[in-house]
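> Can you look at this prediction? I've put the sequence above it.
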Amino acid sequence: MIAQAVIMAGGLGSRLGSRTKDMPKGFLEVGGKPLIVQSIEKLVAAGVEEIIIGTGYHAERFEELARKYPCIKLAHNADYQTTSSMATLAACAPLVKGDFLLLESDLLYDSIGLHVLINDPRRDVILSSGRTGSGDEVWLQVDSQGSLVKESKDAGELDSVYSELVGISKLRKETLGLMVEELEKQGKPKMDYEAAMQAVSCAGNGIAVRKVEYYAWCEIDDENHLKRAVEQVYPRIAENEDIRGIRREVLLNPGPATTTDSVKYAQVQADICPRENEFGDVMGWISGELSLMVGKPGRVETVLFGGSGTAADEAMISSCVPQDGRLLIVDNGAYGKRMAKMAGIYGIDYGTFKSDGISRIDVPALEKELVDGKYTHLAIVYHETTTGILNPVPEVCRFCHDHGIVTIVDAVSAFAAIPIDMDRDCIDFMASTSNKNIQGMAGLAFVFCRKEALEAIKDYPMRNYYLNIYDQHKYYKDKNQMRFTPPVQTAYALRQAILETKIETIEGRYARYTACWEVLIAAAKRIGLRMPVPESEQSHLIVTFMDPESPRYSFDDMHDLSREYGFTIYPGKLSDAKTFRIANIGDIRPEEMERFTVLLGQYMKTLRGGREDGRGRVQEEAPGA
Ligand code: PLP
């Protein structure tokens with residue numbers, strides 16, 4: 001796992017004349033996007049957590065970029081006008097924590113190059129290619145071990161040419177230290193980083209050269225390079241990356257949600273025993289980052305379990321109520337009901353507060369019930385996925401907090417879409433899962449615990465084993481391992497999903513989901529579909545619709561038609577009403593929701609007697625997938 005990258009971006013880009021008058025070279029656009037942004041996106045998609053950019057010329061442009069991408073850290077080379085790339089790299093060195101990827105800023109490259117380096121078993125590796133004919137090559141010579149012995153722009157200076165330097169390498173922090181020493185030793189401010197790599201490699205610290213003969217890449221230093229980039233290299237890269245794309249299926253069911261290709265690919269990792277520290281650190285990182293999404297630093301512990309959302313709910317119900325506790329469960333849908341069932345099975349003294357699931361719960365009545373019934377604990381679903389109603393959790397939990405009642409919240413389908421602060425919202429325990437709004441794969445369940453609330457359950461007699469929250473927490477803290485086999489690949493996917501969530505932000509994600517929801521309900525109103533939950537109470541994450549009143553309506557036909565065009569829909573869950581649900585969570589865009597609503601409209605037209613082919617399909621205006 002390579003967590004950091006360094007991009008050297010201090011240079012003047014003077015060979016590009018007026019194009020770089022007001023900006024560094026990395027901001028040149030090819031294919032409608034600045035090179036540096038393409039590079040950042042590829043690095044994040046490859047699992048890089050932090051990108052250090054060494055700035056110089058027009059550093060303010062990178063400062064602007066860092067405001068958009070929280071994963072960017074900046075290091076400034078104040079002498080950029082009189083120094084070269086090695087000085088910029090030396091400015092970045094104090095921020096480097098371990099093995100890292102090193103890149104030039106003016107590169108256009110196929111993302112596969114990053115994976116080649118990440119998967120190379122050697123720790124110091126330079127990526128290189130066959131001859132590109134670009135006219136500005138840095139040639140490499142290697143020894144019999146495949147390590148760098150000489151680099152030069154003049155092929156005549158080498159005994160033999162092995163390959164061409166790309167400008168992407170993977171290095172150890174220690175190797176970088178030696179390169180910085182070399183800069184200081186040689187005292188040449190204009191030293192290039194390639195020269196430093198050569199010196200270090202030749203001094204017995206071999207840096208391997210990995211050659212990918214037909215690698216698609218280019219550097220852009222002048223007008224000819226730019227022309228070649230636009231006309232030849234970019235189309236090749238775009239085609240290569242497109243070929244690796246995974247068939248798009250838009251899931252409009254309420255989770256598992258649609259994921260990005262980078263999340264899917266993140267599961268493909270070298271085999272690892274999950275009891276290795278390296279994997280323990282991945283789990284620790286996941287748990288720490290999840291905690292920061294729902295609380296201030298140090299306030300929340302996130303306990304991970306292999307399991308689905310139900311496992312997290314069951315862990316809370318069976319771990320957090322003491323033998324003499326009394327639990328009130330809000331039941332306004334299938335998930336509240338499920339928690340009540342669990343409480344019964346575990347022999348917990350519990351009661352239910354019932355509400356219809358389509359109107360806002362009666363908060364004063366709930367508060368009265370809590371007090372009159374002398375309840376010590378409350379369990380409530382944040383977002384009842386059954387109908388798409390958002391319960392007033394902060395309001396209810398604040399009341400509980402003021403009355404010394406411990407709060408247990410099922411936020412399985414709310415977390416990572418609805419901004420939550422467990423301290424502010426007075427939530428003691430909260431459940432969620434890897435495959436909903438966080439946009440990872442199914443298989444990891446998590447329970448967020450407010451620190452004091454977690455300590456308070458420490459000595460409760462255990463009524464569960466696998467799902468015991470405190471035991472799971474303590475074992476991990478003591479041993480840097482999960483108690484039982486975790487879903488390893490799901491964890492890597494979740495790590496990637498967290499990186500992507502941090503860039504989008506939870507607020508940004510909710511805004512995107514809301515934009516999709518707006519498209520959906522605007523279309524529903526046009527089509528004439530009725531929604532039992534008033535718009536003001538809807539979560540913006542899923543909508544329940546009443547079945548159309550037509551004898552020709554069939555959910556299965558509507559499902560099959562949607563599926564044919566790449567959309568998956570899901571039936572309703574309201575027990576006493578005929579409904580279906582459309583969720584709008586996951587990696588989906590408003591344009592995709594638009595396409596789905598065209599399809600929905602066409603299906604509804606067939607119910608009113610539109611021309612159809614017997615399977616609910618209208619032939620005209622295929623909406624495209
Ligand atoms: N709680 C809520 C609110 C849910 O929406 C779901 C699933 O949709 C669950 C619990 C159960 O999650 P899982 O199906 O992952 O066990």
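All right, it came through fine.
> what's across from the closest residue to the ligand within the stretch 101-250 of the chain in the sheet?
In the stretch 101-250 of the chain, the residue that lies nearest the ligand is residue 250 (17.6 Å; Cβ to the nearest ligand atom). C-beta here means a position set from N, CA and C on the backbone, and glycine is covered the same way. Applying DSSP bridges to residue 250 gives these bridge partners: residue 567.
> got the contact list for residue 168?
101-104, 107, 109, 113-114, 117, 127 (Cβ atoms under 8 Å, 6 or more residues apart in numbering).
> could those residues go into a markdown table alongside neighbour count?
A markdown table is the format used below for these (neighbours: other Cβ atoms under 10 Å):
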| residue | neighbour count |
| --- | --- |
| 101 | 23 |
| 102 | 28 |
| 103 | 27 |
| 104 | 25 |
| 107 | 22 |
| 109 | 25 |
| 113 | 25 |
| 114 | 24 |
| 117 | 23 |
| 127 | 26 |
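> And those, which is closest to residue 386?
Lowest distance from residue 386 to the contacts of residue 168 (Cβ to Cβ) belongs to residue 114, with 42.6 Å.
> Okay, and the closest one sits in which element?
For residue 114, the enclosing helix or strand under DSSP states H and E is helix 112-119.
> Check which element follows that helix along the chain.
Assignment by DSSP H and E places the next element after helix 112-119 at strand 125-129.
> Pull up the pairing partners for that next one, direction included.
strand 163-171 (antiparallel), strand 208-212 (parallel).
> Next one: the spatially most central residue of the chain from residue 423, what distance?
In the chain, the centroid-proximal residue (Cα atoms, centre = their mean) is residue 497; its distance is 2.2 Å. Going from residue 497 to residue 423 by Cβ to Cβ, to the nearest Å gives 24 Å.
> Say whether the ligand is contacted by stretch 425-432.
No. For stretch 425-432, no contact with the ligand is found by Cβ under 6 Å from any ligand atom; the gap never falls below 7.3 Å.
> Okay, buried residues for that stretch please.
Across stretch 425-432, burial judged by 16 or more other Cβ atoms under 10 Å covers 425-432.
> Straight-line length of stretch 474-484, end to end?
End-to-end span of stretch 474-484 (Cα to Cα, to the nearest Å): 13 Å.
> buried ones in that stretch?
Buried residues in stretch 474-484 (16+ other Cβ under 10 Å): 476, 480-483.
> For the nearest residue to residue 307 once chain neighbours are set aside, pull up the helix or strand it's in.
Of all residues not flanking residue 307 in the chain, residue 445 sits nearest, at 4.2 Å (Cβ to Cβ, 6 or more residues apart in numbering). Here residue 445 sits within strand 444-450, counting by DSSP H and E.
> The ligand contacts on the stretch 251-400 of the chain?
So the stretch 251-400 of the chain meets the ligand at 254-255, 308-310, 313, 335, 381, 385 (Cβ under 6 Å from any ligand atom).
> Is residue 7 bridged to anything, and to what?
With DSSP bridges as the rule, residue 7 is bridged to residue 53, residue 103.
> can you count the residues close to it?
By the measure other Cβ atoms under 10 Å, the count of residues near residue 7 is 26.
> Relative to residue 289, how far out is it?
23 Å.
> Need the max-distance pair from the buried residues of stretch 474-484.
480 and 483 (12.0 Å).
> got any ranges where the chain has weak pLDDT?
574-576, 610-625 (pLDDT under 70).
> quick one: secondary structure of residue 303?
Per DSSP: H, G, I helix; E, B strand; the rest coil, the local secondary structure of residue 303 is strand.
> Tell me, how many residues neighbour it?
Neighbours around residue 303, by other Cβ under 10 Å: 28.
> All set, thanks.
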